[in-house]
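*Asks:* attaching a predicted model along with its sequence, questions to come.
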Amino acid sequence: MTDSCAANPAARVVEREQVQRILDEQNLGTSGRVDAQTAARVGSDLKDQPGVEAELRYTMARVYLALCDYDKAETLHREALAIRRQLRGNRHAEVAESLSGLARTLESHGRAAEAEPL
């Protein structure tokens, strides 16, 4: 499997320990809380791995949405969307996923009119 991934130009090697450290700090799996300082650090810690950064921002946005912190969720969804658009273009499943998450967040925040055009 490693060989087939390495041959795929779209695949990126990610240091598992780096991603796990960030997830552990956020306690995403156990508490549902996201540490705000960790959220701010994601961009600098993963500057050379934008796909991973986008995925983590998307995941943190979903956690903030579950906590009803709509402003933080919206910010993180928009950041993930911008990164994904830059990496993948507008017609990609990850971009659609980010658009859907952003629309869900806006709708939950009572801003359905803003969500509709997405």
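*Replies:* Everything's here; your move.

*Asks:* which residue, neighbours along the chain excluded, lies closest to Lys72?
*Replies:* Nearest non-adjacent residue to Lys72, counting by Cβ to Cβ, 6 or more residues apart in numbering: Tyr64, 4.3 Å away. (Each C-beta comes from the backbone N, C-alpha and C, glycine too.)

*Asks:* okay, now the one you found: neighbour count?
*Replies:* The criterion is other Cβ atoms under 10 Å. On that basis, Tyr64 has 23 neighbouring residues.

*Asks:* any idea which element it lies in?
*Replies:* Of the helices and strands defined by DSSP states H and E, Tyr64 is found in helix 50-66.

*Asks:* that helix packs against which elements?
*Replies:* With contacts defined as 3 or more Cβ pairs under 8 Å, 6 or more residues apart in numbering; DSSP states H and E, the packing partners of helix 50-66 are helix 16-26, helix 36-45, helix 70-88, helix 93-108.

*Asks:* circling back: what sits against the residue nearest to Lys72?
*Replies:* Applying Cβ atoms under 8 Å, 6 or more residues apart in numbering, one finds that Tyr64 lies in contact with 34, 70, 72-73, 76.

*Asks:* Glu55 now?
*Replies:* Under the contact definition (Cβ under 8 Å, 6+ apart), the residues listed for Glu55 are Ala80.

*Asks:* against Glu114, how distant is it?
*Replies:* 24 Å (Cβ to Cβ, to the nearest Å).

*Asks:* the helix holding Tyr64 vs helix 70-88, what angle?
*Replies:* Counting by axes from the mean of the first three to the mean of the last three Cα atoms, to 10 degrees, helix 50-66 points 160 degrees away from the direction of helix 70-88.

*Asks:* picking up where we left off before, comparing the helices and strands packed on helix 50-66 by mean pLDDT, which bottoms out?
*Replies:* Per-stretch averages of pLDDT across these put helix 16-26 at the bottom, with a mean of 59.
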